[in-house]
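>>> 3D model of this:
(chains A and B)
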Amino acid sequence: QKEVEQNSGPLSVPEGAIASLNCTYSDRGSQSFFWYRQYSGKSPELIMSIYSNGDKEDGRFTAQLNKASQYVSLLIRDSQPSDSATYLCAVNKITGGGNKLTFGTGTQLKVEL
Amino acid sequence: DTGVSQNPRHKITKRGQNVTFRCDPISEHNRLYWYRQTLGQGPEFLTYFQNEAQLEKSRLLSDRFSAERPKGSFSTLEIQRTEQGDSAMYLCASSRGTGDNQPQHFGDGTRLSIL
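Residues are numbered from 1 along each chain as shown, chains lettered A, B, ... in the order given. Predicted coordinates:
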């Protein structure tokens, strides 16, 4: 079992629709969760962080966390063509003074006109 | 804030050569991380510094790899005797040092191609 799992996609949604991206993780001790957006050939860009169960909204983005189910999701409302990218889920494992992120393989999102 | 800066952006070298990459973190960030990313994969953790102390190294970091952060500011990642499998994007990230849950911000990366 991978530590952080995401469907690779592509996930295709029409412009203006809601895109729903999902992520599961295996380590119950994980404490913080992040969504990064990565355009082709570019580096990851932080778009959301979430630390406690429930929803967190920022503009068109909503992150959802359910620690009991070990599940994190990202909703993108009113999807735009510029949202087309790979979305990486990352989980923070704190180990012996270290502070590393474990990433999923990413979900490719395509927003179609 | 200026962002995380990495140099060079691209490096092409022959197998067996040594290469060195540099990372300048966001100025008030005292934590610095190196990751490696290959096509179709998420970034993989390599190593982590808090100030000048290297606190964790991944098993991915073979003895051909060494990282330093001598003054707690910029960091260098050196790969000796490069191999084809070292071809990847090398990403540097930094974060604030208060608490363990601070978000990490990435630089533009250095893309390494081994001929």
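
>>> burial check on the closest residue to A:Ile18 other than its chain neighbours, number of neighbours?
Spatial nearest neighbour of A:Ile18, excluding adjacent residues (C-beta to C-beta, 6 or more residues apart in numbering or on different chains): A:Arg77 at 5.4 Å. Every residue, glycine included, has its C-beta placed from N, CA and C. Residues near A:Arg77, counting by other C-beta atoms under 10 Å in any protein chain shown, number 13.

>>> do the one 3 residues further on as well
Residues near A:Gln80, counting by other C-beta under 10 Å, number 12.

>>> contacts only, for it.
A:Gln80 sits next to A:15, A:111 when contact means C-beta atoms under 8 Å, 6 or more residues apart in numbering or on different chains.

>>> now do B:Pro43
Contacts of B:Pro43 (C-beta under 8 Å, 6+ apart): A:44, A:88, A:101, A:103, B:35-37, B:91.

>>> lowest pLDDT pick from those?
Here the lowest pLDDT out of the contacts of B:Pro43 sits on A:Leu101, with 92.

>>> list the neighbouring strands of whichever strand or helix holds it plus their orientation.
Assigned by DSSP states H and E, A:Leu101 falls within strand A:100-103. Here strand A:100-103 has these sheet partners by DSSP bridges: strand A:85-93 (antiparallel).

>>> ok now the strand it pairs with, how far from the chain's centre?
5 Å (C-alpha atoms, centre = their mean, to the nearest Å).

>>> cool, stretch B:16-28 as well?
6 Å.

>>> do that stretch and chain A meet at all?
No - taking C-beta under 8 Å from any C-beta of the partner chain as the criterion, stretch B:16-28 and chain A are apart, separated by no less than 11.7 Å.

>>> if you count neighbours, what's buried in that stretch?
B:19, B:21, B:23-26 (16 or more other C-beta atoms under 10 Å in any protein chain shown).

>>> residue numbers of chain B in contact with chain A?
Counting by C-beta under 8 Å from any C-beta, chain B sits next to chain A at B:31, B:33, B:35, B:40-45, B:48, B:50, B:55-56, B:58, B:89, B:91, B:93, B:95, B:100-109.

>>> count of neighbours near B:Ser58?
With other C-beta under 10 Å as criterion, B:Ser58 counts 17.
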